[in-house]
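In: compute the structure for the input listed below.
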Amino acid sequence: MAYSVTSWFIDQTRLKFTTPKRKFTIAGSDYSSRVIRWPSIRRSATDIRPANISVDLANEDLAMNFFLSEPTKLLSTYDLSMGYTHPSSGDELITMFTGQIDKIMYKNGVVTIQTLDKFKQFTERSVGSSNSATLYTGSNYLPSDIAWWLCTSYGGLSSIQGTSNPDIDYSLFSQWANVFSSDSVFIQARFEGSKVTESLRKIARYTDSGIWVEGNKINFVRFSEAGSMETVVTDDDIINITLSLDDSRIVNKQHVYADYDTTSSYWKLDIFDVDSTSVNSYGLREEIEKDESVWYVSSATALNMAQRRVLFSSTPYQEYDLTLPLVTLPRQIGEMVRISDNFFGVTSIDAWRIMEYSLNMDNGQMMVKADSSRIAQPFILDHDVHGLLDQNYNFLL
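Out: This next block holds a predicted model:
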């Protein structure tokens, strides 16, 4: 994670009157001078759907009509980059978006190029069907194994198991997989025609993970303790700030159904975790996790899920919406921002995780959504708050 930039680049993001460099290329050819309106680029840890980016280019001279004579150029990729021009060493840019051209529209001397990212082909491919389901029920599987097969065998991405994989950030994926392997978190699944995006969304929800595209690769992360990659924003940086606490997000009793029998359509386990202190303060806020597409196979792994949900959601968490200049441009989803704001009385001591951002390349501003909902100490499995597990994590009926 984290874009690799120099200290000089970071210094430029702090200056109020610098003019960022923006670049737009198609198949490596630079068309930046033709851009009429630069797009906004949005990323979210939880939206597993294609990012739809449109760029308007001047075409009064018909120079962009090569798509009409060579339709195969619609298969070209394009890059959107942003950064600064160093006075001696030249451009230092971050590639903020890479996509494949999806649609071309010509009108009144303007050509609009619309693209989608790697999630696009996931929306075009299904996993199993109602007549022939794809089953992962013959054994117990790590969630990461099923996610890998969804991306590669069904989604058509590269299956190279190494950092040379062009489609999946393999370093992040390996860290993500190790979380489940070290804690022996196993699931089973049955997919009956859902799109790859929807199937991945089920895995993400059931494992409380973030899955998104950044750096032209799919990223997999399960957030826990605060990370070390961070940016401090102060009153001098903040253009606008909103702080919200949403009572409706409180969950203080979480049920997780597990060990599903696909033959009899019967759930063998109903595991739950409850925070009594939160119940006394806010009343009972109950949620049930029950999905016949993806499920946990043991009481221990279901309890892991229930405890994690209650840990993060038993009290209202603070969420900040920040409008900023480009100070967080080098940061990616999942990294940290420390906020110092006199009005709300917050200091840079506390860290907030960036869960979503939108970069407006046209006006050089970033809208960052950061909250404390995914910051905690490493999760411990061996905690039985309701006395229903023995020392071997067996459910006591």
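In: show me what contacts Ile53?
Out: 39, 41, 80, 97, 99, 114-117 (CB atoms under 8 Å, 6 or more residues apart in numbering). (Glycine included, C-beta is placed from N, CA and C.)
In: quick one, helices of this protein?
Out: Using DSSP state H, the helices of the chain run over 7-14, 66-69, 143-149, 170-182, 196-207, 276-282, 299-313.
In: what about the contacts of Ile53, which are in strands?
Out: Counting by DSSP state E, the part of the contacts of Ile53 found in strands is 41, 80, 97, 99, 114-116.
In: in PyMOL, how would I select the buried members of those?
Out: In PyMOL, this line selects whichever of those come out buried by 16 or more other CB atoms under 10 Å:
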select buried, resi 41+80+97+99+115+116
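In: quick one: low-confidence parts of the stretch 101-250 of the chain?
Out: Residues of the stretch 101-250 of the chain that meet the criterion pLDDT under 70 lie in 224-228.
In: recalculate using a threshold of 50.
Out: Across the stretch 101-250 of the chain, nothing is flagged by pLDDT under 50.
In: just want the most central residue of this protein.
Out: With distances taken as CA atoms, centre = their mean, Ala45 lies nearest the centre of the chain, 2.2 Å away.
In: you'd agree that residue is up against Gly334?
Out: Yes. Ala45 lies in contact with Gly334 (CB atoms under 8 Å); the separation is 6.5 Å.
In: joint contacts of those two?
Out: With CB under 8 Å, 6+ apart as the test, Ala45 and Gly334 both reach 210, 221, 223, 355.
In: now tabulate the residues you listed in CSV and tack on neighbour count and distance to Asp341.
Out: Formatted as CSV, the shared contacts of Ala45 and Gly334 follow (neighbours: other CB atoms under 10 Å; distance: CB to CB, whole Å):
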residue, neighbour count, distance to Asp341
Gly210, 23, 26
Val221, 22, 27
Phe223, 19, 23
Met355, 20, 19
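In: so what pLDDT did the residue in the chain sticking out farthest from the centre get?
Out: Relative to the centre of the chain, and counting by CA atoms, centre = their mean, the farthest-placed residue is Asp61 at 40.4 Å. For Asp61, the model assigns a pLDDT of 95.
In: tell me the spacing between it and Glu319.
Out: Per CB to CB, to the nearest Å, Asp61 is found 48 Å from Glu319.
In: can you show me the strands along the stretch 201-350 of the chain?
Out: Assigned by DSSP state E, counting those that start in this stretch, the strands in the stretch 201-350 of the chain fall at 210-214, 217-221, 230-233, 240-245, 253-261, 266-274, 286-289, 294-296, 318-324, 336-339.
In: would TSV of these with distance to Ser69 be doable?
Out: Listed next are the strands of the stretch 201-350 of the chain as TSV, based on distance: least, CB to CB, whole Å:
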stretch	distance to Ser69
strand 210-214	31
strand 217-221	33
strand 230-233	46
strand 240-245	47
strand 253-261	55
strand 266-274	59
strand 286-289	54
strand 294-296	47
strand 318-324	43
strand 336-339	48
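In: most packed of those?
Out: strand 294-296 (a mean of 25; mean count of other CB atoms under 10 Å).
In: now that strand: mean pLDDT?
Out: Strand 294-296 comes out at a mean pLDDT of 96.
In: list the contacts of that strand.
Out: 146, 185-189, 202-203, 206, 256-260, 302, 305.
In: run the last query once more with 7 Å
Out: For strand 294-296, the surrounding residues in contact (CB atoms under 7 Å, 6 or more residues apart in numbering) are 187-189, 202-203, 206, 256-258, 260, 302, 305.
In: show me which pair in those is furthest apart.
Out: Largest separation among the contacts of strand 294-296 by CB to CB: Ile203 and Tyr257, giving 16.5 Å.
In: mind putting the helices of the chain in CSV, distance to Leu57 and mean neighbour count included?
Out: Converted to CSV, the helices of the chain look like this (distance: least, CB to CB, whole Å; neighbours: other CB atoms under 10 Å):
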stretch, distance to Leu57, mean neighbour count
helix 7-14, 27, 15
helix 66-69, 11, 12
helix 143-149, 37, 21
helix 170-182, 34, 17
helix 196-207, 29, 22
helix 276-282, 53, 14
helix 299-313, 44, 23
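In: done for today, thanks.
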